[in-house]
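>>> A structural model of the following input is requested.
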Amino acid sequence: MPDLKWDDVKVLFDPEVNGVLPDVVVERTTVEDWQLLLDLVREQGWQYAYSVDGEPTELTSAAAMAEATHPGETPELRVWPINDMLLIFRMYQVESIDFDVDPSELQGQERLDVLMDVFRLIGRRLGKSVLLSAEGDLGHPYLGFDVDADRTVLLVDPNDPRM
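Residues are numbered from 1 along each chain as shown. You can find the predicted model right below:
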């Protein structure tokens with residue numbers, strides 16, 4: 001049984017309400033955490049593409065990603081855990097793992113379950129919580145994987161009119 005039910009959270013994935021690309025973050029990370037993420041992507045067999053400043057390049061290591069991080073140049077890792085579901089990881093800084101998801105690709109219980117499985121895998125591998133919020137509003141997460149509870153959790157009331 002899923003931790004979150006689509007009918008309870010679908011308003012959170014409505015681009016008309018919450019922006020085009022919800023933001024996801026793992027805070028207080030290191031190069032080692034980024035490497036764990038890269039290893040996880042490869043181990044899961046997820047399709048991926050890597051680029052720096054829009055130029056495709058070979059993905060070697062998180063340390064190389066960190067070296068490529070300069071003002072105006074952001075390493076970007078595009079990951080497809082399943083067909084038609086894209087996660088875009090951007091290394092703005094080593095100290096957080098930031099990525100976007102497209103809400104149009106997350107419609108329905110099956111897609112929500114896949115996303116929550118990805119959160120769970122990342123959170124368990126890194127030993128850190130993975131939090132999703134509206135685009136540009138990282139201070140107010142909606143839901144995510146709570147590492148202490150070892151499950152995905154809803155952090156807001158989707159029916160609250162202040163949403």
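>>> mind checking how far the longest helix seen in the chain is from the chain centre?
When the chain is parsed with DSSP state H, its longest helix is helix 109-126. Taking the mean of its C-alpha atoms, helix 109-126 sits 9 Å from the chain's own mean (Cα atoms, centre = their mean, to the nearest Å).
>>> and it, average pLDDT?
Per-residue pLDDT values over helix 109-126 give a mean of 96.
>>> got a list of contacts for it?
Contact partners of helix 109-126, identified using Cβ atoms under 8 Å, 6 or more residues apart in numbering, comprise 2-6, 9, 13, 24, 26, 29, 33, 36-37, 39-40, 44, 81-82, 85, 87, 97, 101, 105-106, 129-130, 132, 144-147, 150-152. All C-beta spots, glycine's among them, are computed from the backbone N, C-alpha and C.
>>> those residues, buried ones only, as a ChimeraX selection?
Command for ChimeraX, covering only those of the contacts of helix 109-126 found buried under the criterion 16 or more other Cβ atoms under 10 Å:
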select :3,4,6,9,13,24,26,29,33,36,37,40,81,85,87,97,101,105,106,129,130,132,144,145,146,147,152
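>>> in strands, which of the contacts of helix 109-126 fall?
Of the contacts of helix 109-126, the ones assigned to strands by DSSP state E are 24, 26, 81-82, 85, 87, 97, 101, 130, 132, 144-146, 151-152.
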